[in-house]
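A.B. asks: Need a 3D model of the following:
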Amino acid sequence: MPRPNPLRQATFEEFLEQEAKTQTRHEYVDGFVFAMAGGTDYHNRLATRFLLTIFQAAEEAGCEAFAENMLLKVGTAAYYPDVFVTCEESLEGVSFKKTACLVVEVLSDATEAIDRGEKLLNYQKLTGLQAYVLVSQHTKRLEIFRRMEDGGWRYELTENGAVRLPCVDVALSLGELYRGIPVG
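C.D. replies: Numbers count the residues shown, from 1 in each chain. Predicted coordinates:
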């Protein structure tokens, strides 16, 4: 499913200025501003549990983990990933980051095609990105796109047990991630 019609055109600077004044979040792609889809309680639980699992390890590695309210600028696009880790220098009052070593998106019916297509292609342009993780809300499943040493990408599907996450070097238990969430 392609993106719905954009709300308006803007420069990136105009977009940032508008984002600072509104309570509604938007994404920015190639000069166009798009409204973001709403989330469910399961979406929120999965993103929060993912963040809680990696937060301490990110700090110990000298990095920062963010959830949902920090923009990640990728070329001519800017997104609010559900969770991401960046090791770039922390500056007070910055409204976006330019690097990430781990990006996580919780899939929803409204955004799955964008997460698998546009965002996958854009996130892979981040030179320091080690993994892009897609989290299903409907089944106990993680899909991980890992950067290989030669710069290529390897796809992994995990449906049980635990998975080791790069960048923060943490094992994420699918049982704990999906605890209390009715998945098929």
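A.B. asks: I'd like the mean pLDDT over the longest helix anywhere in the chain, please.
C.D. replies: Assignment by DSSP state H gives helix 41-60 as the longest helix of the chain. The pLDDT scores in helix 41-60 average 95.
A.B. asks: Whatever helix or strand comes next after it - contacts with which helices or strands?
C.D. replies: Following helix 41-60 in sequence order, the next helix or strand is strand 64-66 (DSSP states H and E). Contact partners of strand 64-66 among helices and strands, from 3 or more CB pairs under 8 Å, 6 or more residues apart in numbering; DSSP states H and E: helix 41-60, strand 83-86. Placement of C-beta: from N, CA and C, glycine included.
A.B. asks: Next secondary structure element downstream of strand 64-66?
C.D. replies: Moving toward the C-terminus from strand 64-66, the next helix or strand (DSSP H and E) is strand 71-74.
A.B. asks: Name the surrounding residues that touch that next one.
C.D. replies: 12, 16, 19, 78-81, 84, 86, 95-98, 100, 103, 122-123, 125-126 (CB atoms under 8 Å, 6 or more residues apart in numbering).
A.B. asks: and if you look at stretch 103-120?
C.D. replies: In contact with stretch 103-120 (CB under 8 Å, 6+ apart) are residues 1-3, 29, 37, 39-40, 43, 46-47, 50, 72, 77, 79, 81-84, 123, 126, 129, 131-137, 145.
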